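Visitor: Next come a sequence and a model predicted from it.
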Amino acid sequence: MITFRIKIGYPMLRMRAWRNSSISTLSSTHVMTILYHRLWLPIILAALVVRLWNAPQVLDLESLLQAGNGKEDHQERSVLVLTAHPDDEAMFFAPSILYLIESGWDVYGLCLSTGNATGLGEIRKRELVESYRILGVSADKVYHLDEPSLQDGMNIIWEPEAHILPYLQAHLEKQPVKHILTFDAYGVTQHPNHMNLPRAAQAIGPAVKVITLKSPSVLSKFTGVLWILYHKLFSRSDPDVAIVISSPRQWWAGIRGMLEHRSQLVWFRWLYLAFSRLMWVNELVLL
């Protein structure tokens, strides 16, 4: 019984000591000031995560595309993601692909090369299929080319109409779509294989709408999730630009898609995954 009373009494002694200390003289205002200076950033980030967790946001994408005028038209809601190399789909287009899949779109992927610049083409073909699978696109909807005129390389120029267009037209004859999603003229990284894709897509004609991924500025490219906060607080809406913002759940799916490209996970791509805002946000423009 004596031991039991000592254990119960010990917290009471500590409580009396606290009441008699100078800490008890702090006002509630002082306490709130201390908490504010120490916790304001974690609180803001936590609120942002909670706001976005299961609420991916799309600003004006449907009005930009005008797909089916709001009707559930299977053919109207079809899109081909046109990329240059395996891993482009996860590194750059994951927010858009995930949004379109979850919104009921019929999404296809066409990669114009196997990324064989370093002799890993066969491995990268398999990685491409697995990455798209993680993003929600089945293997029977993923295509790649391995043509002499469309080999991976910074010094290899893909002429839009001479090299790209014939293969793109042949593909669309077999698998028609109403939209093509691809790079803009800057190609995000200014890779020459990226930069000529929109010109080839636009040469298809008015039957197919071409949507391009707006290349971010160098300063904003590596702001990660903080770009969303900046956009909410300071940016003005642009009727010519649609913005797709992933939830953290979708962001993680994009990361998992990129992790399937094991042959490409050198050190600087880990930094890209950690800090690139293109893993969170796509800005889309209709040509």
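Guide: In hand now; what should we look at?
Visitor: and residue 187, what is it in contact with?
Guide: 193-195, 197, 215 (C-beta atoms under 8 Å, 6 or more residues apart in numbering). All C-beta atoms are positioned from the backbone trio N, CA, C, and that covers glycine.
Visitor: Might you list the low-confidence residue ranges for the stretch 151-287 of the chain?
Guide: By pLDDT under 70, the low-scoring segments of the stretch 151-287 of the chain are 234-235.
Visitor: show me where it has strands.
Guide: For the stretch 151-287 of the chain, the strands defined by DSSP state E, counting those that start in this stretch cover 179-183, 209-213, 242-245, 281-286.
Visitor: Dump the contacts of residue 187 into CSV; add distance to residue 284 and neighbour count as well.
Guide: Below are the contacts of residue 187 laid out as CSV (distance: C-beta to C-beta, whole Å; neighbours: other C-beta atoms under 10 Å):
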residue, distance to residue 284, neighbour count
193, 21, 26
194, 16, 24
195, 17, 21
197, 15, 26
215, 12, 20
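Visitor: Of these, which belong to helices?
Guide: Judged by DSSP state H, the contacts of residue 187 include 193-195, 197 as members of helices.
Visitor: Pull the number of nearby residues for residue 87.
Guide: Each residue near residue 87 was counted by other C-beta atoms under 10 Å, and the total is 23.
Visitor: meant to ask about residue 172
Guide: 18.
Visitor: wait, it sits on residue 78?
Guide: No: using C-beta atoms under 8 Å, residue 172 is not in contact with residue 78, being 10.8 Å away.
Visitor: and which of the ones in helices among the contacts of residue 187 is nearest to residue 275?
Guide: residue 194 (20.1 Å; C-beta to C-beta).
Visitor: Tell me where the stretch 101-250 of the chain has helices.
Guide: All helices of the stretch 101-250 of the chain, identified by DSSP state H, counting those that start in this stretch, fall at 121-135, 165-174, 192-195, 197-202, 218-221, 226-234, 248-259.
Visitor: Including distance to residue 225, could the contacts of residue 187 go into a markdown table?
Guide: Compiled in a markdown table, the contacts of residue 187 are given as follows (distance: C-beta to C-beta, whole Å):
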| residue | distance to residue 225 |
| --- | --- |
| 193 | 29 |
| 194 | 24 |
| 195 | 28 |
| 197 | 28 |
| 215 | 19 |
